[in-house]
Structure formats: C-alpha cells, structure tokens
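>>> missing the sequence, but the structure's below:
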C-alpha cells in the first residue's frame, strides 16, 4: 500500500507540472484479453474539446497517436473523432506487468497530439490493465510427499506446499480442499503476513506407523474468479519415526542491501538456525521455499548446510529491484523453521540515457521541412528521455548543443516538446542540424546524443521598407490647391514581382491630400487653415505584388505654417472678481486669460489696462491683476475698468474685455452688547418666578454681514447652581428651576456672544447681574456688590464661579434692607415736597405729551441724556402704565484709519424703558424717524451690511419742546437704566440717566434715530 500511495502522490505532482506546461493526462481502465475494436474512450468529450472544435479553424482538429517506430500499439485512435479502440494485439497483464503484484501499478502509457498548432495539446493516456481470471492455480508438483511422525498429537499441523496463480486479487488463490481425507487428516488455510494463503494439514486421529505407514489423498486448490478455476495434486503422507524438536532461526526476518554491481560469489547474508535434538535429528538442512520466484533462485545461491546466501549470477536493479527469499530450515522433521530475507538491490549508474524522437510534423527522408513563416511555438517533435537507473542516477536532462531558434519545453517529467523559439528566416539560415543531448545526474554522469535535421522552406517574407521611418513636411496655410508637398519612396529586399511596389493612402488619410500610386508624390488638394488643424497625421502604405502581398506603412506628418489672421480672444467678455476687503496691497485679485489661435509671434499677446487707472496693475504676460490700493468695502464696493489684449503680429490685432472687482466683507468685528450696557447694571428677579419665565434678555449686534453677523449666546460662568438658562438665538435668560432659599442673592452670570464668522469666530463677554429677592431695600449695597469685581476683566476667568455666592449675598442684603427702609422713608418725604412745588409745570408738560408723538434728538449735544419725570395723579384705580423713551447716541471713530482724519459718525437709537422691564429696546431700521411698525433693529444688524461694535451714550435733549417728561405713577420708582430700581415705593422720584455713562463706539454711516412714547395698558 505504501508503494501504491507513493505512485498516486507522484501522479498528482506530475499533473501539476502538466497543467502549467500546457499538457494533459487522462486515465482509462481496460480489462486484459479484450477483443479488437472495443471502444475505450472519447478524447473529444473526455477532454472537453467540443467547444474548441466549433471554432473557425483553418485546419480541422485531429488526434495523432505518438509512438515509437516499430512499436506495436495496443490501442488505436480515430484522427477525426478522438475515439479510442483496441487493436488486434493481445493485452496480457501477466506479460506486460511481470513481477507486479499490485493491481494499481500495471499501466500502459501512450501519448496523443491534438492538432493543429493553434490548439495544440499533448495528452498522456494511462491505461490501467485490469486483471481477469485467465490462469488456474497450480501446485509446484502433481505429487506432494510429506512425512509425519507417528507421535504427532491430535490437531498437530503440517505445512503443505502452496499453489501459485499468476492472477492477482480475487482471481488468485482463495481456498484449499482435502479430498478423501479418511477422517484421519483435515486441512486448514492460514494467511501469511505477506498475504499468501498457506495450506496446513491437521492430524485428527492418533497415528500408528506399524498399523499404517502411508496415506494417499488429493488436495484441491481454487481461485475466486468467475468462472472459478481449480487444480488438484496427489498428497502422499508417510508416517515417520519421532523427531520432536524443530529447528529455530536466530532471526526470522532479515533485510539487506547490496549494490547491483556486486560480483558473483559476494556474500549476501548468513542465516543461523539451531535444533535441540541431537544426532541425525539435529542436522539442519537449508533450502528455498517453493514460493521464492524463479528469478531469485537464479540469482542467489543458498548453501544447504551452512545457510550462507551468495550471488550466483550478476544482479540488475532495473530487472528486479528487490527479492524476497523465504528460507526453510529442516531437521528432517515435518515442520521446518521459516526465515524471510529481503534483498534490496541498490542502484549503480550503469545505464546511459536513451533519446526517443516521435515526430509531430512528419519528416521527409528523415528531415523535417518547416516553412520560414512558421509561427512561434510551432510543435515539431516529442522528445522522450529515459534512464533505467533510479533516483538521481535516473534523473535526466535534455538540451541542445548550441544556440538555435528552437527550444525544448518540458511537458512531463521526462518528455520535452521541440518547438520554434524564434521566427525563422530562410535568407539567414536554410538548414539546421540540431544535436540533442541527454545526461543523467549520476557521478560520473552518463550522456547520450541524437541528431535531428530541419530544413527551412522559403516564403515571400520581405515587406517593402520606406527610406524614412517617419516622413515630415510643411506647407503655409492658405496654399493653392494641387501644391506638391513631397515624394515618398520605399524599397523591397525581394526580387521580381515581389519587389514591385504600389503606394496607397491609409484609411486615416484626410481628403485634403492625394498620393500618386506609382511615383509616390504627395499633393495638397484643398486650401488649408492652420487654425482649424495645424498638423495632419496619416498613414501611407507600400504594397508589393507577392502572393500573398506584403504591406508596410509609414506615418506622415504635414505641418501647416501660421499667418497672422486672428485677433486675441478673451475667455470671457466680462470678468467679475470677488476679493476680501482685507486683501493687502499688491496682492493677487485675479487672472485674465486670453488666447490667440495664431502661432509664434502672431499669438504672443500683451495685456494692458485702458485709460488712466492707478488703482490696479496687470501683468502684461501672465494677466495677473494686482491692487495699488487698500480695499474698504464700506467706502467702495466695486471697481470697473477695461483690459486690452494685443498680439505681436507684424500687423497687430487687438480686443478688449470689461473687468469688475467686487469687495467682499470679512469677519473683522467682534459682537457688541447693547443690553446690558455695562457690567454694572442688575435686574431684580422675584423668588416666586416660575421656571421657564424670561427674567432678562441679552441683546448684542455685530457690524459684519451675513454669517459673520449671526450671533449665538451662551452662559459661560457665574451659573454655578444652574438656576438660569439662555436661548442661544434670542438671548432670553429664563428661570430653569424654582428658587429655594439658598438661591436668594446676587447671581453674576457671564454671558458670551460669538458670531458664526469664517474662518475664525469672534466673541465678546459681559456680566449680567441678577438679584434674586422679593425687593430691593438697599440699592447702595447692591451697587457695591455689583462693583466689587470692577477692576477684574470678565474674560480673565469666565468659567470661575463668582466669589460672592447667592447664599453669602443674601445675608448681606438682609442687613442692608433695614438701612434701605429708613432711606426710602426719607426719600418719600423729600419727593412729596418737590412734587408740590412742580405741579404747574407738570400740567404743561402733560399737554405737550399729548400733542408730540415723534421727537428728534439734539444733534449738537450728544454726550448726555437728561430724563425728567413728573408725577401724575391717578384718576382711576387701574391707570395705564406708560413707557419712557430714552435717547442714546452711537458714535463711531476709526482711530487706526488714517483716511478718516478723526471724523466721528453718530447714530441716534431709541430706548424704551418700561416700568417693570427696563433696558429692553424696540429698534427700528428707518435711518431718520422710527414708526410703531418699524422692524427690529437688532435683527437688521444681524443680516445687513457689517457694522462696528458700539456702545450707548445718553444724549441730553436740547429743550423740552422736543422731549417728553413723563409723569410716573406714584407707586413706581425709576432708577436710570437699572431695572432693579423698579422696587415699589410710596412715591416716584426722577433720576438722571447721566449718572451712568457709556463708552463711545463709532459707526461708518451716520444714522439719526428718534424715540417716541408708547403707552402700555396693564
């Protein structure tokens, strides 16, 4: 089984080599002794060649059996169909595979070539010869004599000679029978470790030589074939006297190796056996078993007395690599001792390789005739090299002795295809004598050589050759039709008709040209225009008159020379560039692209700006526009001028294009808070305020435009208890949770407003002070708490929790309430006295309020706003609550811009101060006068053109004619812009807004804003 496994592994490895080399293998099984013309297989179907067969082949597909000359093949193949049939030659497995004991190792191999060359395949076919029962088992002799001692015990066993059957497997020996055993003897069959069936005679009754000394019977042997075959032999049993000790071998199994070149007489091995008997019964006789093959008996000698095995005839490993010698040692008794000697004959490199040439292209008188037009890889012959030696001594390589345009391509382990490796040329070499060399890998190596002759058949294989590999000519544009351009010529190495040349234009040649077929003169048939096509590439053919004709082509280039007949062309009639307003001087604004269809100096374009324009320059060659000024979108949003392009022709041509440069805004302004106006204002928040209630609204603006002016609000500090949240879009600060006692006090929220500018967002922060308490009884203490950190910048630590927590502030505020109560009583008393003195003037002011809805701020005095309030007595219990309009001025001054010369631009904005929600504004977008339906100015500044950050400064009214002095209800107290001053009081006192000043920020455009009173009914 090990040999069989090795065979299959070798076959798999060989199949991998075959697959990569383009060869194939196919296995079939056939029974021996098959009659003639029996179909074995169909290569067309078995190799899946049916699809290839339907291809458009010049030569029909055929199958050719490749075998050695003089060899009688056991099969034949139909060339057209690929069907395999048996021949009249006898298939005898026993003759083909002499000495092969395993059925899987008996193969018959042939090779088949699939032609023509374009689909060439070499197929190795292996036929597994299946055994049939065509031989009967035979005993070594027709009469078998055996001696049995008379004292043999019942069930004693005695070996009988085994029968031999040339068939194998089930067709070999399967059973033995004893005929007419007379109930004295029986027969049993045992199987040896080698798989042989051995008959043994069994004593069934006691023997008595004096009573009967001889028994005669028959032994029958049967195989397992169908039909079954058998034979018989006469068994003659002699009853002998007692010899009760059998010989014993010291080693029952011996394996030796001996080289095949060992001389005759060389000792192989020495067998040793002993017998416990003495005398004649202890004398041992050595002999070979009848199971030893005749070849082994011929090659080896066994000394019957000493047991020494020597070489009797020269060994040949290639004839038989190993021998099994079953040696018996007998002392004259009936049970001889057995010893198995396995002799392995080792290889010696004593065989030269053989070269077998099997032609695929049939030779003529021993010479292969091959056309010089034969394609690459044309198959010529199958070369088989063999060496009877083993291992590296039998490993053969095949090669040629010198450099020829042929090669040996391996297809199987020991077979090569001789094929063309380069194109052949009859004019160079007319005949090749290829010497094939085969050498083995032995030491020293042995080699063999063989000659193979190939003659080259001449063909018309020389095509015309142009005198120039590339033809180039030129012609000025606007030429006259029929102008001669050049003459094309070619030569041909052939002679006669094969050298006659005709000139033709290729299929890619344009209709503008014509070629004389005989002379090769090329002419231009039409007027050419370089701007439409400057270069013409086309093919010219030279064809000889050979059969078949050979054609050569050459590429022709016709270049059309330029004339200045085109003006420069701008890529656009009008160019629009967009630049940021912070673009530096001499930076790049844009690129003007201009083309001229002409060539050379005629297309050399120079750019310039028409008229006198010192604001911009343009590079005359590259078209790059650069500014000589600094842009300011607020001053000028666009610039327009014209650019001229002029070519360099002898008579120049020119054209113009319009250029517009648009200045784009950049994010260069931080957000500015309008509400609260400073870090020192505060708002009273009642502890009873419900969650979700808006307690304050932060308002900020950004002077930029678009996304640069879009703002988002966030609380970034001071909200340690998380009591407040802010809407990032509207700026509304709402109560998040219900107040508890620990929440009472002053909350310093740090609010951040950042824009959405790109690439960098800008932001500002402000402190929003929210005083959580039922009322404000001591405004002075609150003012002190608000100003506690006046010297510390809010932005230094916007995430740090306010040092004054609401709980700590609550204790301080409660202490201040006592002092505040005393102050309020005093204020009420003073207020009552003042109001009594001002009653006549208050009535006149009330009359002006009814007649004047629109007011105008004083354009000259923009530093302060004086607000006066007068008390009006309630006529009804629920008198309507009024709004007091406060005037603010927004001023812009660009200190860092030298072009502004320190000029200030102002913007008057209204502030509606309601009794309960001070510092909440209603802004309008009208530049001069605001009406009730005016839109929200804060939203306007988010979406309109960019504005600089600004702050509010009160404006002092010019006179009372244009201003309203509102009389507040008696139960309200108004304190400037701090809505925390809305704490209820028994009387209303006027407070001047001038106590709170606002830093001035500038605007680029002056806007006048007016305010008005709006009545709100509660």
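Perfect, I can see it now. Since we're looking at a predicted model, the values are computed, not measured.

>>> Kindly report the domain assignment for the chain.
24-130, 143-240, 248-346, 354-457, 465-561, 569-664, 672-783 (the TED database).

>>> in the stretch 151-300 of the chain, which segments are predicted with low confidence?
241, 243-244 (pLDDT under 70).

>>> the helices in it, which residues?
For the stretch 151-300 of the chain, the helices defined by DSSP state H, counting those that start in this stretch occupy 294-299.

>>> mind listing the helices in the protein by residue range?
2-21, 43-46, 50-53, 93-96, 294-299, 779-786, 806-837, 839-851, 937-943 (DSSP state H).

>>> Show me what counts as buried in stretch 676-691.
676, 677, 678, 679, 681, 682, 683, 684, 685 (16 or more other C-beta atoms under 10 Å). Just so you know, the C-beta spots here come from the backbone N, C-alpha and C atoms, and that holds for glycine as well.

>>> Run the chain-centre distance for stretch 381-398.
A distance of 47 Å separates the centroid of the chain from that of stretch 381-398, by C-alpha atoms, centre = their mean, to the nearest Å.

>>> Then stretch 599-613?
51 Å.

>>> And it, end to end?
31 Å (C-alpha to C-alpha, to the nearest Å).

>>> Contacts made by that stretch with the rest, please.
Stretch 599-613 is contacted by residues 530, 534, 562-564, 566, 568, 592, 594-597, 616-621, 623, 641-649, 656 when judged by C-beta atoms under 8 Å, 6 or more residues apart in numbering.

>>> For ChimeraX, write the select line for the buried members of the residues you listed.
Only the buried entries of these go into this ChimeraX selection, using 16+ other C-beta under 10 Å:
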select :530,534,562,563,564,566,568,592,594,596,597,616,617,618,623,641,643,644,645,646,647,648,649
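
>>> out of the contacts of stretch 599-613, which are inside strands?
594, 595, 616, 617, 618, 641, 642, 643, 644, 645, 646, 656 (DSSP state E).

>>> Let me see the contact set for the fifth one.
With contacts defined as C-beta under 8 Å, 6+ apart, the neighbours of residue 618 are 592, 607, 608, 609, 624, 625, 626, 643.

>>> Check residue 569 too.
594, 595, 596, 597, 655.

>>> Greatest separation within these: which pair is it?
Pairwise distances across the contacts of residue 569 (C-beta to C-beta) peak at 12.3 Å, for the pair 597 and 655.

>>> Out of the helices and strands in this protein, which is least certain?
When each helix and strand of the chain is scored by mean pLDDT, DSSP states H and E, helix 937-943 comes last, with a mean of 33.

>>> Now do residue 257 against residue 347, distance only.
Residue 257 sits 11 Å away from residue 347, taking C-beta to C-beta, to the nearest Å as the criterion.

>>> neighbour-wise, which of those two wins?
residue 347 (20 against 11; other C-beta atoms under 10 Å).

>>> Tell me if I'm right that that one and residue 391 touch.
Yes. Counting by C-beta atoms under 8 Å, residue 347 touches residue 391, with 6.3 Å between them.

>>> can you list the weak-confidence ranges in this protein?
For the chain (pLDDT under 70), the answer is 1-22, 51-56, 99-104, 241, 243-244, 495, 789-813, 815, 838-1018.

>>> At which residues are the strands of the stretch 351-500 of the chain located?
Using DSSP state E, counting those that start in this stretch, the strands found in the stretch 351-500 of the chain span residues 354-359, 367-371, 379-386, 396-400, 406-412, 415-420, 431-440, 447-457, 465-466, 470-476, 483-487, 490-491.

>>> Quick one, which of those strands gets closest to residue 781.
So among those, strand 470-476 is nearest, using C-beta to C-beta, at 101.6 Å.

>>> Go through the closest one and flag the buried ones.
471, 475.

>>> beta partners of residue 735?
Counting by DSSP bridges, residue 735 forms beta bridges with residue 724.

>>> Can you name the residues that contact it?
685, 689, 690, 691, 692, 693, 695, 723, 724.

>>> 7 Å instead, please
689, 690, 691, 692, 693, 695, 723, 724 (C-beta atoms under 7 Å, 6 or more residues apart in numbering).

>>> which one of the contacts of residue 618 is nearest residue 412?
The closest of the contacts of residue 618, once distances to residue 412 are taken by C-beta to C-beta, is residue 624, at 74.5 Å.

>>> how close does the closest one get to residue 569?
19 Å.

>>> And stretch 421-437, end to end?
18 Å.

>>> Any buried residues in it, and which?
Here stretch 421-437 shows 424, 426, 432, 434, 436, 437 as buried, counting by 16+ other C-beta under 10 Å.

>>> Touching, residue 245 and residue 278? I think so.
No. Proximity of residue 245 to residue 278 does not meet the contact threshold set by C-beta atoms under 7 Å, at 9.1 Å.

>>> quick one, which of the two is more surrounded?
Just comparing residue 245 and residue 278: by other C-beta under 10 Å the higher neighbour count belongs to residue 245, 14 against 9.

>>> give me every residue that touches the more buried one.
Contacts of residue 245 (C-beta under 7 Å, 6+ apart): 275, 276, 277, 281.

>>> and those, which two are the farthest apart?
276 and 281 (9.2 Å).

>>> Which of these two has more residues huddled nearby?
residue 281 (17 against 12).

>>> Surely the more buried one touches residue 331?
Yes. Here residue 281 reaches residue 331: they are 5.6 Å apart, a contact under C-beta under 7 Å.

>>> follow-up on the earlier one: filter the contacts of residue 618 down to the buried ones and hand me the PyMOL line.
To isolate the buried ones among the contacts of residue 618 in PyMOL, judged by 16+ other C-beta under 10 Å, type:
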select buried, resi 592+607+609+625+626+643
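
>>> just to revisit the earlier point, which one of the domains of the chain is the most hemmed in?
Stretch with highest mean neighbour count among the domains of the chain: domain 672-783 (a mean of 19; mean count of other C-beta atoms under 10 Å).

>>> okay, how far is it across it, tip to tip?
23 Å.

>>> For that domain, what is the distance to the chain centroid?
Chain-centre distance of domain 672-783: 55 Å, with C-alpha atoms, centre = their mean.

>>> circling back: quickly name whichever of the contacts of residue 245 is closest to residue 411.
residue 275 (61.6 Å).

>>> OK, contacts around residue 632?
residue 581.

>>> Now do it against residue 120, distance only.
From residue 632 to residue 120 the distance is 86 Å (C-beta to C-beta).

>>> export the contacts of residue 569 to CSV and tack on distance to residue 834?
Below are the contacts of residue 569 laid out as CSV (distance: C-beta to C-beta, whole Å):
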residue, distance to residue 834
594, 82
595, 86
596, 89
597, 92
655, 83
